[in-house]
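Asker: Provided below are the primary sequence and the corresponding predicted coordinates.
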Amino acid sequence: MNSIHLTVIGNIISFVAAVFLFAGGWTRDRDRTFIFQIIESLLLCLANICFMSYAGITTLLLAAARNYLVLKYRYTKKTMWVFIVLTAVAGLAVNNIGISGLFGIAATVELALVNYHARTLWGQKAGLLVNTALWLLYDIRVTDISSAIAQAIMCVLTVVSMLRLHRIGNHGSAA
């Protein structure tokens, strides 16, 4: 199978993952949000096999495991640091796409910190915005057009949501 076929297959898988990304953003149920995020990460891991990005595969597997711990209320400060170190070390060790691979690694580390530290809705949305922007840069590099479009839409929706929160003076209230 040539790289064009793999890119098409990867983009189809990424499109399905994008459905779970938006479903997770739409639901108001905490557990369903994390279940959708786990499914999205696992699907994107499969897509990254097609894109031949080992850093993407590694960081997305670790993101799925991290989200599972968050879902089960087992995400502690200690596990946060374990995932940060694992993501950085493993991601850097297998990175085969140069500087672009660092975007996915940085996005995964950043969200590990946000998942633990963000206590306000504003903080969570700001963390999500940085995360989506980093993944957008990564997606462009690996020619994951489906994910790049989904991430660009999520960036716009997150900015709009943050502006609405700011307008009503709700940027500091707890999530």
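Answerer: That came through, no problem. Residues are numbered from 1 along each chain as shown.
Asker: got any ranges where the protein has weak pLDDT?
Answerer: 170-175 (pLDDT under 70).
Asker: run the last query once more with 80
Answerer: Applying pLDDT under 80 to the chain picks out residues 1, 169-175.
Asker: what are the ranges of the helices in it?
Answerer: 3-26, 30-50, 54-71, 77-94, 99-117, 121-141, 145-167 (DSSP state H).
Asker: export those helices to TSV and tack on mean neighbour count?
Answerer: From N, CA and C alone the C-beta is placed, and that goes for glycine too. Formatted as TSV, the helices of the chain follow (neighbours: other CB atoms under 10 Å):
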stretch	mean neighbour count
helix 3-26	17
helix 30-50	20
helix 54-71	22
helix 77-94	16
helix 99-117	20
helix 121-141	20
helix 145-167	17
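Asker: So what's the residue count around residue 144?
Answerer: Around residue 144 sit 30 other residues, with neighbours defined as other CB atoms under 10 Å.
Asker: next one: phi and psi at it?
Answerer: With angles defined as degrees, to the nearest 10, residue 144 sits at phi -90, psi 80.
Asker: who touches it in this structure?
Answerer: 10, 11, 14, 47, 51, 138 (CB atoms under 8 Å, 6 or more residues apart in numbering).
Asker: Could you do residue 130 as well?
Answerer: Applying CB under 8 Å, 6+ apart to residue 130 gives the contacts 107, 110.
Asker: Going forward, count from 57.
Answerer: In the new numbering, first residue 57, that becomes residue 186.
Asker: before we move on, back to that, now the two most distant members of the contacts of residue 200.
Answerer: Spatial extent of these (CB to CB) is set by the pair 67 and 194 at 14.4 Å.
Asker: chain center to stretch 187-205, what's the gap?
Answerer: Relative to its parent chain, stretch 187-205 has a centroid offset of 10 Å by CA atoms, centre = their mean, to the nearest Å.
Asker: Quick check: end-to-end length of that stretch?
Answerer: Start-to-end span of stretch 187-205 (CA to CA, to the nearest Å) is 15 Å.
Asker: try stretch 103-111
Answerer: For stretch 103-111, the end-to-end distance is 12 Å (CA to CA).
Asker: Need the contact partners of it.
Answerer: Residues contacting stretch 103-111 (CB under 8 Å, 6+ apart): 59, 62-63, 65-67, 69-70, 73, 112-113, 116, 147-148, 150-153, 157-158, 160-161, 198-200, 203.
Asker: Much appreciated, bye for now.
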